[in-house]
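>>> Pasting the sequence and the predicted coordinates here, then a few questions.
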Amino acid sequence: MLKIVIAEESDLPDTARLFARVLREIPYYNALAKEGEAKKYTATTLARKLSEDPYSILVARNGDRKIVGFCISHFDDYTIWVDWYGVDTTRRRNGVGTALLKKTIQTATKRGAHKVWCDTRTINEPSKDLLQKMGFTRLVEIKNHWYGQDFILWERFVDP
């Protein structure tokens, strides 16, 4: 049974470990990007995010209460920016990412936001497919951007 919950401080070490593993294993980021992103999402930095916004880190738990996915976001001038979402490789294609994004969208109004937005690498087909399925609209493709890589920006307005 999958459960999506707001992370507690005690969840952050496991969340940071899962983030590091997902980051290490994905083929969409170059070495420079992986090095830079790894520094941004440690248990310490996640604790700071959580203290600033209690909805900023959502985790997916399986029936054993093990964290199998995460969605990290932040309030950004009355929008919600999804920094990262990721799922343990053994749980992909089982609705975990969908559930995490759905819950993140649901938190937007509680956070005073009217839309959720994010980016994906242009070559990340699974993420692009999921975002489209979740009602996100492709805004623009940005060439040679963060870490010298190509990205797509996406948005989804929150239902009133």
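Ah, there it is.
>>> Any idea how many residues pack against the nearest residue to Pro126 once chain neighbours are set aside?
Beyond its immediate neighbours in the sequence, the residue positioned closest to Pro126 (CB to CB, 6 or more residues apart in numbering) is Arg92, lying 7.6 Å away. In this view, the C-beta of every residue, glycine as well, is placed from N, C-alpha and C. Neighbouring residues of Arg92 were enumerated by other CB atoms under 10 Å; the total is 15.
>>> Phi, psi for Arg92 please.
Taking degrees, to the nearest 10, you get phi -70, psi 150 for the backbone angles of Arg92.
>>> any idea how far it is from Glu25?
With the distance defined as CB to CB, to the nearest Å, Arg92 ends up 11 Å from Glu25.
>>> With Arg61 instead?
20 Å.
>>> what's the answer for Arg156, then?
On the measure of CB to CB, Arg156 and Glu25 end up 26 Å apart.
>>> after the strand or helix carrying Val59, next one along is what?
The secondary structure element spanning Val59 is strand 57-61 (assigned by DSSP states H and E). Proceeding N to C from strand 57-61, the next assigned helix or strand is strand 67-75, under DSSP H and E.
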